[in-house]
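Asks: pasted the sequence and its predicted model underneath.
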Amino acid sequence: MNSPRPTLYERINAIRNDPHYAGRLGLPTQLTFLPGGSDGNRLIQKRDSSFESPPGAVLRVIAQISRKNHTLLPHGTYNPAYKFNGEDVTKAKLRFHLVQPRDLGFASAEFNTFVENLAAIHDNDLSFSPHKMLRPFESDKGVTVLHQLVIPRGDDDDDDDSDIDIENGGGNFPPNEPALDNPFSFEGWPVSPDGEWRRELDSVKDTHDIYPLQAYSYKGELIRPSDYTRKLAGAIVDLSFTLVHYNFGKSSRMCLYMTELHVLVPPKPLPGSPVSTRRGVIRR
């Protein structure tokens, strides 16, 4: 007999009681950055700083994914027709913004603490002293979250989020499906089969892998890449992430990379969608 699924507020309370909850006061004092040269400084727990190879610190937050300014389609931020000099498919990222969730009591109020903690964590890295410091949050957009789509072979071996089975969709996709029919696989990644994005992706198949979001619906099902926009934009989520601080000489940038995501509250349907139309709301 299956145990009953925790209620929304049971899940929220469990997240808020996690010692790695990013909305917790005093959290920045427990963290530091490990110098990484051109690969950026990685966030780690201070208690792990004496280790030869300390694991990255993975934090959690409850937030809402903004419906605005996101890039959640399978091709991500990379458009071959408008690429910058030196840019290629290996630079493709998914990107979205976190905003304060509504009507979640303490979790809503603690989003502001999360943003303040990000600022404090950034300022605590004294290894950089550039003229310009770029943080991953803006008052009009929210907190920017990134996910690298195409990664060099082997890079995922040391990541904290490497337990996803890329070829078989994290165990939620039939393992005997042909690769071309598996939307989580390199061969089946849902972009135009005749487009330049696919041609560039195929050109790096011997050196790189596709890395789907480790994003799960409120039912616990791995979300397919073609559904990222529909099922994530507007959703309230439990997001796990890590931070990397890069030095570019005259400027530094702290980036927030998602490691795992669980939908707590699905996005409400927009007016004009099939669901809302059935309920009598019609876009004119």
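Replies: Thanks, I have the structure now. Numbering: from 1, shown residues only.
Asks: any low-confidence regions in this protein?
Replies: Scanning the chain for pLDDT under 70 picks out 1-3, 128-133, 155-180, 272-284.
Asks: what packs against the lengthiest strand in it?
Replies: Longest strand of the chain, by residue count under DSSP state E: strand 251-265. The contact analysis (3 or more Cβ pairs under 8 Å, 6 or more residues apart in numbering; DSSP states H and E) places strand 251-265 against helix 8-16, helix 106-124, strand 132-134, strand 142-148, strand 215-216, helix 228-232, strand 236-247. From N, CA and C alone the C-beta is placed, and that goes for glycine too.
Asks: out of these, which is closest to residue 190?
Replies: Closest approach to residue 190 among the helices and strands packed on strand 251-265 (Cβ to Cβ): helix 228-232, 10.1 Å.
Asks: and the closest one, C-alpha only, in PDB?
Replies: Extracted C-alpha coordinates of helix 228-232, given in PDB (Å, rounded to 0.1, in the frame of the first residue of the first chain):
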ATOM      1  CA  TYR A 228       9.300  22.900 -20.100                       C
ATOM      2  CA  THR A 229       7.500  26.100 -21.100                       C
ATOM      3  CA  ARG A 230       4.000  24.800 -20.500                       C
ATOM      4  CA  LYS A 231       4.700  23.100 -17.200                       C
ATOM      5  CA  LEU A 232       7.300  25.400 -15.600                       C
END
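Asks: from the chain's centroid, how far away is it?
Replies: Put simply, helix 228-232 sits 13 Å off its chain's centre (Cα atoms, centre = their mean, to the nearest Å).
Asks: ok, and what's touching it?
Replies: Counting contacts by Cβ atoms under 8 Å, 6 or more residues apart in numbering, the residues outside helix 228-232 that touch it are 65, 70, 72-74, 94, 96, 213, 215, 217, 223, 261, 263, 266-267.
Asks: before we move on, what about stretch 113-124?
Replies: With contact meaning Cβ under 8 Å, 6+ apart, stretch 113-124 is reached by 22-25, 27-28, 31-33, 43, 61, 63, 133, 135-137, 143, 243, 245, 254, 256.
Asks: just the buried residues of it, please?
Replies: The neighbour-count check on stretch 113-124 (16 or more other Cβ atoms under 10 Å) flags 113, 114, 115, 117, 118, 121, 122 as buried.
Asks: now those residues as CSV including distance to residue 14?
Replies: Below are the buried residues of stretch 113-124 laid out as CSV (distance: Cβ to Cβ, whole Å):
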residue, distance to residue 14
113, 18
114, 17
115, 22
117, 19
118, 22
121, 23
122, 28
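Asks: among these, which one lies nearest to residue 102?
Replies: The closest of the buried residues of stretch 113-124, once distances to residue 102 are taken by Cβ to Cβ, is residue 114, at 15.2 Å.
Asks: of all the helices and strands packed on strand 251-265, which one is nearest residue 186?
Replies: Comparing the helices and strands packed on strand 251-265 by Cβ to Cβ, strand 142-148 comes nearest, at 14.5 Å.
Asks: any idea of the angle the closest one forms with helix 106-124?
Replies: If you take axes from the mean of the first three to the mean of the last three Cα atoms, to 10 degrees, strand 142-148 sits at 70 degrees to helix 106-124.
Asks: so how far is strand 142-148 off the chain centroid?
Replies: For strand 142-148, the separation from the chain centroid amounts to 6 Å (computed by Cα atoms, centre = their mean).
Asks: other SSEs contacting the helix or strand that it is followed by?
Replies: Going down the chain from strand 142-148, the next helix or strand is strand 150-152, by DSSP states H and E. Counting contacts by 3+ Cβ pairs under 8 Å, 6+ apart, strand 150-152 is packed against strand 208-210.
Asks: contacts for the strand it packs on?
Replies: For strand 208-210, contacts defined as Cβ under 8 Å, 6+ apart pick out 90, 149-153, 156, 166, 184-186, 189, 201.
Asks: what pairs with that strand, parallel or antiparallel?
Replies: Sheet pairing here is set by DSSP bridges, and for strand 208-210 it gives strand 150-152 (antiparallel).
Asks: can you pull the buried residues of the helix or strand that the strand it pairs with is followed by?
Replies: Moving toward the C-terminus from strand 150-152, the next helix or strand (DSSP H and E) is helix 196-203. In terms of neighbour count (16+ other Cβ under 10 Å), helix 196-203 has its buried residues at 197, 198, 200, 201.
Asks: ditto for stretch 182-191
Replies: Those would be 182, 183, 184, 185, 186, 188, 189, 191, for stretch 182-191 by 16+ other Cβ under 10 Å.
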